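J.: Provided below for reference: sequence and predicted model.
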Amino acid sequence: MELELLLALGMFLAAIMALLAGYPVALTLGGVALIFGLIGVELGLIPLPILRNLPSRILGSMENQVLIAVPLFVLMGVILERSRVADDLLQTASRLLARVRGGLGYAVVIVGALLAASTGIVGATVITMTLIALPTMLRQGYDPKLATGTIAASGTLGQIIPPSIVLILLADAVSNANQSAAMRSGGGAGVVSVGDLFAGALLPGLMLVGLYLLYLVITAILNPSASPAATVDEDAEPLSAAEIARSLGAPLLLIIAVLGSILGGLASPTEASAIGAGGALLLAGLRLAKEHGKTGDLGSIWGAFFSLLLLGVLSNLMNLTANREVIPTGDMIGIVFAGLLSLVFLGGLLSAARVLIRANQFGSALSSGVQITSMVFLILIGASLFALVFRAYGGDHYVEALLTSIPGGLWGALAVTMLVMFILGFFLDFIEIVFVVVPIVAPPLIILGADPVWLAILMALNLQTSFLTPPFGFALFYLRGAAPDGVETLDIWRGAIPFIGLQLIMIALVAAVPALATWLPTILG
Amino acid sequence: MESFVSIAGTGLRYAGYGLLPLLVLPILLLAIPGPLAAPARLLRGLIDRISGVAMAFAVSAAFLIILIQLAAVLLRYVFGLSFSWLNDSVIFSFAMIFMLGAAATLRDDGHVRVDILRPRFGPKTKASIEMFGSLAFIVPIGILILYSASGLIARTWTDLEPFNESDGLPIQYLFKTLVPIFAVLMISQALSQALKSAMIIRGLEADTSDDHQAGGAV
């Protein structure tokens, strides 16, 4: 075996060993890569200037227009989570459905899907649903396996249902892979946009929700004692229409505004993510204004919603374009009025921020948004150093040669890749896999004929499944951490198994019928 | 201007060399804990506070990015206006979030770890791994960044480079300076983490880290 191959393999193994020691992933990847890089420089296998590319790589991710959506969607999620909008959603849904046989289970799946589309934060979703829904489900006599399985699986929907951070990162990685594949095979490459992946993931995500619900219905019929209806006294006071509208309607509107503007091609994902974060701030302000607001805050926040509505109407009725040579008086009045409305909107945002500050949630929400963003981007930096050294040893060529030599062409290579990613998903977070593995395996797969969007959706489904797979699935850790003591870890693991089966069915469906992932992007694009 | 930049750069470089011996402090602390405990605590407090100041900038950037990007959306869709400097401000705030927030995230144990074997380790084993990682992983990466970025930073400061567009923000050189600032913050926070680990190994301090994670939650 050649020395380069030996060192590239050694670097991979050393990284895995070092990761098991439990040091932060981002720094372990970077540190191990640097050590192996210096060995290579010392042996004369790698020219030193390759390592000196790191700062320009870092600058590249600082200037990456696509990834700007990441902190904004993270902020949208943490703000909604901190303002207890998620709690309200779950409470209302479970009270609405409590009397139906298995109703709480349906409520968890539906709320999981809604939270996936609004906050998209798996850990927070699983913990919230475990804290609120699990005790009620157990009290009503649900089988602990079914209850925990439903919660963990619904929590992971945030990975696949857009707007999801995984899909944004995947779009960046797959788009680069597509370009390098095109460069090697000499063809032209289309850009894979975040919007493409959002559109591609929508159908599989919704079908997954359907599969979960179907499974719950079948269980309720075949095994009624596992998912009973609520006893009457659980739900004493009926819900008013206003309560339902507030707790279900408001997040739903936000989801429609954000997703609709991306999928409808109105706004770029970055623009939509800003709308999402701003909307989340306003909703949070509205939710907390009663307890923590001063007089005027509530009015000011409502004012922001109305001014946005009026701005929409106004810009459709008149030409408000401001940089024209000649502006007719009518339009001028419109522009001034629109300017005032924009100020009202800004005032509403600041009022909402003030309410959150007074509720002691503003700083903590922003800090946790900063921490999650830092965590993601430090991994990006560490992984880019890792990839730099791995490429310098020619590791990508070995992987390509390996993948193309697997019998069965695309399908054989795809099956092996998916299996490897699935296993890596046991002990690596999806972010590391997207940044380290996808750039290495995606170009050869695309050269073998895989559609980039289809490939990305398969990978996203695969990573979502590994979140759910015992013993190392992240969703199961979060659930274990928040579950009451009476719940056995083994029950949690056994409960996840049927849902893993459903995931595998979905992966097989998308693999067999690529149109499930590629149809929507083509008609929307 | 050019000579001023080169003098300032040389000064900073020698200041860096001068501070380098501090990185040996955690190892010395293992050997002679008694007399070094007090200055080590002082240094740690100072570093943690510096990371905290950087974090405050990152948090402000997180609020600003929402406002600026929303303003850009309104200007574009309602008034048909777009300004490069607004876009540059979004990029600047975006980069500030993680370049300035990463060190404090390290301090608060917010970077995701692999949690398979870790819960089984005792506090001293954990502290040893922490100390090794801080000194063998973070410090070399930080030094590599500083060493390789120096030319790039010198060039951007001598030109006082603006962003590309004519109506862009005139401060691309400050944007690029986030790279060495990030490296310095990470190196100093690594020193603080290593000092803390050395104290735990020597029994001067209890292990206060709980096994929760802010990371991995996405």
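T.: That came in fine, so what should we check first? Residues are numbered from 1 along each chain as shown, chains lettered A, B, ... in the order given.

J.: low-confidence stretches in chain B?
T.: B:1-2, B:207-218 (pLDDT under 70).

J.: what ranges does it have for its helices?
T.: Using DSSP state H, the helices of chain B run over B:2-19, B:25-31, B:33-77, B:84-107, B:123-133, B:139-159, B:172-201.

J.: can I get these in TSV including distance to chain A?
T.: Where C-beta positions appear, they are placed from N, C-alpha and C, glycine not excepted. Below are the helices of chain B laid out as TSV (distance: least, Cβ to the nearest Cβ, whole Å):
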stretch	distance to chain A
helix B:2-19	15
helix B:25-31	15
helix B:33-77	4
helix B:84-107	4
helix B:123-133	4
helix B:139-159	4
helix B:172-201	5
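
J.: can you say which of the ones you listed is packed in most?
T.: Among the helices of chain B, ranked by average contacts under mean count of other Cβ atoms under 10 Å in any protein chain shown, first place goes to helix B:84-107 (a mean of 24).

J.: quick revisit: make JSON lines from the helices of chain B and add distance to residue A:101 to it.
T.: Listed next are the helices of chain B as JSON lines, based on distance: least, Cβ to Cβ, whole Å:
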{"stretch": "helix B:2-19", "distance to residue A:101": "68"}
{"stretch": "helix B:25-31", "distance to residue A:101": "61"}
{"stretch": "helix B:33-77", "distance to residue A:101": "44"}
{"stretch": "helix B:84-107", "distance to residue A:101": "46"}
{"stretch": "helix B:123-133", "distance to residue A:101": "48"}
{"stretch": "helix B:139-159", "distance to residue A:101": "57"}
{"stretch": "helix B:172-201", "distance to residue A:101": "53"}
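
J.: residue A:10: how many residues sit nearby?
T.: 14 (other Cβ atoms under 10 Å in any protein chain shown).

J.: picking that back up, who wins for proximity to residue A:111 among the helices of chain B?
T.: helix B:33-77 (25.5 Å; Cβ to Cβ).

J.: how many residues are close by the residue in chain B that chain A sits nearest to?
T.: Closest residue of chain B to chain A, Cβ to the nearest Cβ: residue B:137 (2.6 Å). By other Cβ under 10 Å, the residues close to residue B:137 number 25.

J.: who's in contact with it?
T.: By Cβ atoms under 8 Å, 6 or more residues apart in numbering or on different chains, the contact list for residue B:137 reads A:23, A:27, A:28, A:30, A:31, A:32, A:34.

J.: switch to 10 Å and redo it
T.: Counting by Cβ atoms under 10 Å, 6 or more residues apart in numbering or on different chains, residue B:137 touches A:18, A:23-24, A:26-35, A:382, B:190.

J.: residue B:118: which of those residues is nearest?
T.: Nearest to residue B:118 among those, with distances taken as Cβ to Cβ, is residue A:23, at 9.1 Å.

J.: now the closest one. Nearest residue, chain neighbours left out?
T.: Excluding its sequence neighbours, the residue lying closest to residue A:23 (Cβ to Cβ, 6 or more residues apart in numbering or on different chains) is residue B:133, at 3.9 Å.

J.: about what we covered before: how close does the residue of chain B closest to chain A sit to residue B:107?
T.: Remark: distance between residue B:137 and residue B:107 (Cβ to Cβ, to the nearest Å) = 16 Å.

J.: show me what from the stretch 151-300 of chain A comes close to chain B.
T.: Residues of the stretch 151-300 of chain A lying close to chain B (Cβ under 10 Å from any Cβ of the partner chain) are A:158-159, A:164-166, A:169, A:261, A:266-268, A:270-281.

J.: show the buried residues in the residues you listed.
T.: Buried residues within these, counting neighbours by 16 or more other Cβ atoms under 10 Å in any protein chain shown: A:158-159, A:164-166, A:169, A:261, A:267-268, A:270-281.
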